[in-house]
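# Everything below, folded, please.
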Amino acid sequence: AFCAEIKIMSFNTMCDFCTGKEYDSFSKRRPTIKKIIETHSADLISLQEVRSGSQVKEFFKDKPNYELYFTENFLFSYADPALAINTNRFEVISKGSHWLGPNNGNLSFGWKVALPRQAIWLRLKDKESNKEFIFSGSHFDNRVENMIGSAKFINKFTKDSQVPVIFAADTNSTPDFKGYHILKGEEFYNSYDLVQSKRKIARSEHKDLCYFRKGDSFPDCRVDHIL
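Numbers count the residues shown, from 1 in each chain. All right, here's what the predicted structure looks like:
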């Protein structure tokens, strides 16, 4: 048996074109996003709501130990979600992606028409233990039909996997939502539930950590999960 700690981050950076009086512009948020990534130095990072590959590369500029993965080809760059891997710790064995919708993983606009959503995955080998596992990330759409469809898709993907799976994502699903229970099923443990002493939230009121319909108090309003 071998046990080793892995530090994992799931981080919705908020879109660069989002504007409003209650939060800073992306130009002001950019250095803070980079600082958060640098401060925590996670081994595995799942980013959401990054618009392009160039933004991901900027966040990890001067961090050569990270390898970055997102959808990019000669037609477009699509970095929601994106994965960053500490290559000092992990070796990438294989990779893949699926569009979340009824088209068997091919390009789709969801079960109900919305922005296209993806799940991306990497099969990794831990250089410390030689154990292999899959690290996957996503950003579920907030339409209920698409959240439930995405939850079913990821749950099946996990059931079919021959190695353990770590899934880090903004699921738009609180722990009391039907879609969350479909996603978690019997396949996953939520890392938050496994922590013996819950983390203290510094310099934030509970109401500042919740958003729209997701609830009024933390941790009940959590939609970002590491499973």
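
# ok, now how distant is the most centrally placed residue in the chain from K159?
The chain has A169 as the residue nearest its centroid, 2.8 Å off, counting by Cα atoms, centre = their mean. Counting by Cβ to Cβ, to the nearest Å, the separation of A169 from K159 is 17 Å. For every residue, glycine as well, the C-beta is placed using N, CA and C.

# what does S129 give?
Applying Cβ to Cβ to S129 and K159 gives a distance of 24 Å.

# which other residues reach stretch 91-110?
67, 69, 71, 85, 111, 115-125, 127, 132, 138, 140-141, 143, 145-146, 149-150, 153, 157 (Cβ atoms under 8 Å, 6 or more residues apart in numbering).

# Just the ones of these in strands?
67, 69, 71, 85, 118-125, 132, 138 (DSSP state E).

# Show me just the buried residues among these.
Neighbour-count burial (16 or more other Cβ atoms under 10 Å) applied to these gives 69, 71, 85, 118-125, 132, 138.

# which one in those is the model shakiest on?
Lowest pLDDT within these is found at T71 (88).

# Chain neighbours aside, what residue packs nearest to that one?
Y78 (4.2 Å; Cβ to Cβ, 6 or more residues apart in numbering).

# By mean pLDDT, flag the weakest helix or strand of this structure.
Lowest by mean pLDDT, DSSP states H and E among the helices and strands of the chain is helix 191-194, with a mean of 87.

# CA atoms only for that one, dumped as PDB, please.
In PDB, the C-alpha atoms belonging to helix 191-194 read as follows (Å, rounded to 0.1, in the frame of the first residue of the first chain):
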ATOM      1  CA  SER A 191     -13.200  15.600  -0.600                       C
ATOM      2  CA  TYR A 192     -14.900  18.300   1.500                       C
ATOM      3  CA  ASP A 193     -16.800  15.600   3.400                       C
ATOM      4  CA  LEU A 194     -13.500  13.700   4.200                       C
END
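
# helices or strands next to it in the packing?
If you count contacts as 3 or more Cβ pairs under 8 Å, 6 or more residues apart in numbering; DSSP states H and E, helix 191-194 packs onto strand 224-226.

# What is the strand it packs on packed up against?
Looks like strand 224-226 contacts strand 8-12, strand 165-170, helix 191-194 (3+ Cβ pairs under 8 Å, 6+ apart).

# Show the subsequent helix or strand relative to the first one.
Tracing the chain past strand 8-12, the next element assigned as helix or strand by DSSP states H and E is helix 26-40.

# Run the angle between that next one and strand 8-12 for me.
If you take axes from the mean of the first three to the mean of the last three Cα atoms, to 10 degrees, helix 26-40 sits at 170 degrees to strand 8-12.

# tally of neighbours for Q55?
19 (other Cβ atoms under 10 Å).

# in the strand or helix carrying it, what counts as buried?
For Q55, the element it lies in under DSSP H and E is helix 53-59. For helix 53-59, the neighbour count (16+ other Cβ under 10 Å) marks G53, Q55, V56, F59 as buried.

# Equivalent analysis for stretch 123-139, please.
R123, L124, K125, D126, E132, F133, I134, F135, S136, G137, S138, H139.

# for the residue nearest to the third one when sequence neighbours are not counted, phi and psi?
Pointing back at K125 there. Leaving aside its sequence neighbours, K125 sits nearest to E91 (Cβ to Cβ, 6+ apart; 4.5 Å). For E91, the backbone dihedrals (degrees, to the nearest 10) come out as phi -110, psi 130.
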